[in-house]
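A.B. asks: Mind looking at a prediction? Sequence and model below.
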Amino acid sequence: MKVYKDKVDEAVEFLRQRTAFAPEIILVLGTGLSGLGEKIEAEVVLPYEDIPNFPHSTVTSHAGNLILGILCGKRVAVLQGRFHYYEGYSSREITFPIRVLALLGAKTIIVSNAAGGLNPAYAPGTLMVFEDHLNFIPDNPLRGPNIEEWGPRFPDFSQTYDRQMIELTMACAARLKLAHVERGVYVAIPGPSLETPAETRYLRSCGADAVGMSTVPEVIVAVHAGLKVLGISVVSNVNDPDNFKPIILEEIIAETKKAEARFLSLLLEVLPAI
Ligand code: HPA
């Protein structure tokens, strides 16, 4: 049986054979945010199925392509669609593409997602820049033998999200006069069941401003690999435990799509400045 490291090495080797392109920045595009793919001067577009050992996306709201190309003058690797714990994957499997792209030489990662708002000051369309996170997914992608050449056994998470990139993003939002851009804490839950009112109250009391079912596993691997991390959530719905409304996927996607242009304008302002 192939061990995880062999599978990663095989995917890295495949990509090296396929192209000399070495990405500097990884962009992970979440639910309803894959439109950016069209703005890239693509060098290579690879469906996930074509890359050895890549997991396959089972969620219809996610495209499944790795795009290598130039955006705002930067060499980017765009993961158009991601994998989730609720699909049945382990956190290691979810983060396979991040590990592969880190080994290809990426030094920075920007992760995005659609999230539920817990902070009552948020509204649908709020963009939340990650200050920190809580991992409530009962798995860790670094569990098991540590591969020293990939990173340390006990990586430090005292400053997971790069201070300078947070400040830069807030400055870009101000320059663009984008309203409703906040800094906050993201909590990752396993899903796929959405939160009850009691869980919503609990997550808020834990200090979270937004909740979703992704992103944190990828961030853990990125930090382990020494990457600088920026996280942005598009808040698609705000959940008030005292006046709880049904959370409907179609509405999440529609609200995220509405906010996508704001998200993209922010990203396109931030990228050249990295
Ligand atoms: N909860 C969890 N995940 C989500 C939500 C939510 O309310 N909205 C978008 N993703």
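C.D. replies: On my side now, so go ahead.
A.B. asks: in a helix, that's where Met128 is, yeah?
C.D. replies: No. Counting by DSSP: H, G, I helix; E, B strand; the rest coil, one finds Met128 to be strand, located in no helix.
A.B. asks: Run a quick neighbour tally on it.
C.D. replies: Other residues lying near Met128 total 24 when counted by other CB atoms under 10 Å. For every residue, glycine as well, the C-beta is placed using N, CA and C.
A.B. asks: Need the pLDDT of it.
C.D. replies: pLDDT recorded at Met128 is 98.
A.B. asks: Poorly predicted segments of the stretch 151-274 of the chain, please.
C.D. replies: Scanning the stretch 151-274 of the chain for pLDDT under 70 picks out no residues.
A.B. asks: Tell me which helix or strand Val234 sits in.
C.D. replies: When elements are defined using DSSP states H and E, Val234 is found to belong to strand 228-238.
A.B. asks: That strand: partners in the sheet, and parallel or antiparallel?
C.D. replies: Each strand that pairs with strand 228-238, with its direction, by DSSP bridges: strand 108-117 (parallel), strand 127-135 (antiparallel).
A.B. asks: so which of those comes closest to the ligand?
C.D. replies: strand 108-117 (2.1 Å; CB to the nearest ligand atom).
A.B. asks: pLDDT of stretch 52-66, averaged?
C.D. replies: Averaged over stretch 52-66, pLDDT sits at 77.
A.B. asks: Residues of the stretch 51-200 of the chain that sit close to the ligand?
C.D. replies: When proximity is defined as CB under 6 Å from any ligand atom, the stretch 51-200 of the chain approaches the ligand at 114-116, 194-195.
A.B. asks: Could you count how many residues lie near Ala173?
C.D. replies: Neighbour count of Ala173, defined by other CB under 10 Å: 21.
A.B. asks: Thank you kindly, that will do.
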